[in-house]
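> Pasted the sequence and its predicted model underneath.
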Amino acid sequence: MTAATPDAEQPWTPEGDPSTWLARFATDTPFTIGVEEEVMLLDPATFDLAGATASASVLALLGDDDAYSPELHAAQLEVKTSPGNLAAVIAELGSARERLVGALDGRWRVATAGVHPFADRRPLVSEGERYRRLASEYGRAALEMVTFGLHVHVALDGGERAVAVHDALREHLPTIAALSANGPFHEGVDTGFASLRPRLAEALPRQGVPPAFGDTRGWCDFIRWGQQAGAFGPQELWWEVRLHPAFGTVEVRVADAQADLADVGALVATIAALVVHLSDRFDADDLPAPVAGERIAENRWLALRYGLTGDLLDPRTGEARPAREMVRALLETIAPASARLGDGAAEALERAGHLAACGGAEQQRLVADARGLAGLVSWLADRYEHGGPAPAPLN
């Protein structure tokens with residue numbers, strides 16, 4: 001994502017005191033959105049992950065197009081948008097997908113999901129100093145974590161607002177995880193999970209549910225603590241929601257990547273409308289105290305294991321409710337706030353309701369039963385590249 005605030009348009013490195021970075025959250029255009037999706041490059045004959053030179057070769061074909069960047073793994077690319085309203089960023093992402101497929105011209109295929117359904121984990125690292133450093137620091141844990149996520153940035157005006165919304169978002173992460181769950185197969189087997197990607201990511205530090213910081217002082221103190229020994233800065237916080245001072249955004253990282261562009265739009269709208277809703281509650285001094293992390297972690301486990309087919313727990317009362325019901329209740333709650341996202345928001349939330357009826361993990365299992373795992377990856381590639389029907393009615 002390119003910068004969400006004017007002062008972030010220049011290259012930025014996290015140096016100095018964290019309190020000075022909070023100025024980057026000042027913006028005249030709150031609720032601007034940016035999207036990043038991680039995609040897999042595929043061998044067109046086998047539908048396995050492509051070889052060690054794939055991402056470098058593809059980036060050379062794409063030239064100076066800054067919508068694309070490498071990731072740690074050589075069979076992976078990041079596709080990203082510039083900041084804009086909902087309709088603009090989804091249109092931009094769709095155009096980037098079309099350009100990518102056109103540049104590949106059949107030499108590779110491209111698809112996305114939470115994880116590749118049958119590829120072996122292979123330590124194929126992209127070129128570049130940053131990726132060599134990550135591979136050296138985190139070892140095989142990083143090399144074998146070949147996962148694909150959908151990251152949504154939303155700009156907020158003011159550091160205290162950003163921290164408060166970050167803390168409030170934590171309890172909703174499992175509901176979004178259940179809605180987006182799209183990774184049941186891994187290394188050739190059905191794992192029993194609806195979304196295995198976050199479990200694989202736990203091999204690295206600072207994953208999963210973040211702490212609640214309370215205010216900007218709490219966030220700054222934590223970053224200073226990590227910086228003192230050179231352990232981490234804000235760009236090495238890989239939690240499922242984090243503050244991103246380079247862009248002045250709250251970044252929600254919990255969702256699995258989605259093959260169909262309409263499903264991407266549904267999740268982006270859901271996340272952005274939730275941020276707007278929580279920001280409005282902050283303005284009204286109506287945000288509840290953050291939920292304890294252990295409660296959210298329990299719900300996270302249920303979301304990853306069962307997706308939309310199981311129950312989630314009310315994070316405050318402990319009442320068990322079907323995950324589909326929890327998703328639909330969330331969509332109803334945030335619907336008024338979605339009007340602030342511009343054209344297409346109501347339709348995108350309606351699509352989210354359809355996705356709740358038959359989510360990605362359920363769709364993958366239906367296709368795999370009919371076509372096998374290679375046929376499943378072929379279907380994922382077709383949906384990424386051209387769109388197409390789901391294997392079951394979305395109603």
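Perfect, thanks for sending it.

> quick one: low-confidence ranges for the stretch 101-250 of the chain?
121-144 (pLDDT under 70).

> Which parts of it are strands?
Listed in chain order, the strands of the stretch 101-250 of the chain (DSSP state E, counting those that start in this stretch) span 109-111, 149-155, 185-186, 189-190, 241-244, 249-256.

> Of those strands, which is nearest Thr29?
strand 149-155 (6.6 Å; CB to CB). Any C-beta I mention is one placed from the backbone N, CA and C, and that applies to glycine too.

> what separates that closest one from the chain centre, distance-wise?
Relative to its parent chain, strand 149-155 has a centroid offset of 6 Å by CA atoms, centre = their mean, to the nearest Å.

> Okay, angle between that strand and strand 249-256 too, please.
Relative orientation of strand 149-155 and strand 249-256, computed by axes from the mean of the first three to the mean of the last three CA atoms, to 10 degrees: 160 degrees.

> For strand 149-155, name the packing helices and strands.
strand 33-42, strand 249-256, helix 261-283 (3 or more CB pairs under 8 Å, 6 or more residues apart in numbering; DSSP states H and E).

> can you list those in TSV and add distance to Gly183?
TSV is the format used below for the helices and strands packed on strand 149-155 (distance: least, CB to CB, whole Å):
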stretch	distance to Gly183
strand 33-42	12
strand 249-256	5
helix 261-283	14
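
> ranking these by burial, who's on top?
Of all the helices and strands packed on strand 149-155, strand 249-256 carries the top mean neighbour count, a mean of 26, counting by mean count of other CB atoms under 10 Å.

> where's that one relative to the chain centroid, distance-wise?
Counting by CA atoms, centre = their mean, strand 249-256 comes out at 5 Å from the chain centroid.

> what do you get for stretch 218-226?
For stretch 218-226, the separation from the chain centroid amounts to 24 Å (computed by CA atoms, centre = their mean).

> Would you mark the buried spots in it?
Buried residues in stretch 218-226, counted by 16 or more other CB atoms under 10 Å: Trp219, Cys220, Phe222, Ile223, Gly226.

> can you list contacts of that stretch?
Residues outside stretch 218-226 that contact it (CB atoms under 8 Å, 6 or more residues apart in numbering) are Asp17, Pro18, Ser19, Leu22, Val163, Pro211, Phe213, Phe232, Gly233, Pro234, Glu236, Leu243.

> Neighbour count and distance to Ala266 added to the residues you listed, as a markdown table?
Converted to a markdown table, those look like this (neighbours: other CB atoms under 10 Å; distance: CB to CB, whole Å):
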| residue | neighbour count | distance to Ala266 |
| --- | --- | --- |
| Asp17 | 10 | 39 |
| Pro18 | 22 | 34 |
| Ser19 | 15 | 37 |
| Leu22 | 19 | 32 |
| Val163 | 25 | 27 |
| Pro211 | 13 | 29 |
| Phe213 | 19 | 29 |
| Phe232 | 17 | 33 |
| Gly233 | 15 | 33 |
| Pro234 | 18 | 29 |
| Glu236 | 15 | 30 |
| Leu243 | 29 | 25 |
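
> So which elements touch the biggest helix by length in the chain?
Longest helix in the chain by number of residues (criterion: DSSP state H): helix 360-386. When contacts are defined as 3+ CB pairs under 8 Å, 6+ apart, helix 360-386 packs onto strand 33-42, helix 86-104, strand 109-111, strand 185-186.

> Would you check that Leu312 makes contact with Ile176?
No. Between Leu312 and Ile176 there is no contact under CB atoms under 8 Å: 11.1 Å.

> Quick one: the helices in the stretch 1-150 of the chain, in order.
54-62, 86-104, 129-143 (DSSP state H, counting those that start in this stretch).

> With only the CA atoms kept, save stretch 221-241 in CSV.
Extracted C-alpha coordinates of stretch 221-241, given in CSV (Å, rounded to 0.1, in the frame of the first residue of the first chain):
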residue,chain,number,x,y,z
ASP,A,221,6.4,2.2,25.7
PHE,A,222,6.1,-1.3,24.2
ILE,A,223,7.8,-0.2,20.9
ARG,A,224,10.7,1.5,22.9
TRP,A,225,11.1,-1.7,24.9
GLY,A,226,11.5,-3.8,21.7
GLN,A,227,13.8,-1.2,20.1
GLN,A,228,16.3,-1.1,23.1
ALA,A,229,17.9,-4.4,22.2
GLY,A,230,17.1,-4.2,18.5
ALA,A,231,14.6,-7.0,18.9
PHE,A,232,11.8,-5.4,16.8
GLY,A,233,10.1,-2.2,15.6
PRO,A,234,6.6,-1.5,14.5
GLN,A,235,7.1,-3.2,11.1
GLU,A,236,8.0,-6.5,12.8
LEU,A,237,4.7,-6.7,14.7
TRP,A,238,2.9,-9.4,12.8
TRP,A,239,-0.2,-9.6,14.9
GLU,A,240,-3.6,-9.9,13.4
VAL,A,241,-4.2,-6.2,13.9
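
> ok now it, how far from the chain's centre?
The answer for stretch 221-241 is 20 Å, by CA atoms, centre = their mean.

> before we move on, what about stretch 274-282?
That offset, for stretch 274-282, works out to 19 Å (CA atoms, centre = their mean).

> which residues touch that stretch?
30-31, 154, 156, 161, 164-165, 168-169, 172, 176, 250, 252, 287, 330, 333-334, 336-338, 340-341.

> Alpha carbons of stretch 305-313, as PDB, please.
C-alpha atoms of stretch 305-313 as PDB (Å, rounded to 0.1, in the frame of the first residue of the first chain):
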ATOM      1  CA  ARG A 305     -10.700 -25.000  13.600                       C
ATOM      2  CA  TYR A 306     -14.300 -24.800  12.600                       C
ATOM      3  CA  GLY A 307     -14.700 -21.600  10.600                       C
ATOM      4  CA  LEU A 308     -18.300 -20.900   9.900                       C
ATOM      5  CA  THR A 309     -19.500 -24.400  10.800                       C
ATOM      6  CA  GLY A 310     -18.900 -24.200  14.500                       C
ATOM      7  CA  ASP A 311     -19.700 -22.000  17.400                       C
ATOM      8  CA  LEU A 312     -18.000 -18.800  18.800                       C
ATOM      9  CA  LEU A 313     -18.300 -17.600  22.300                       C
END
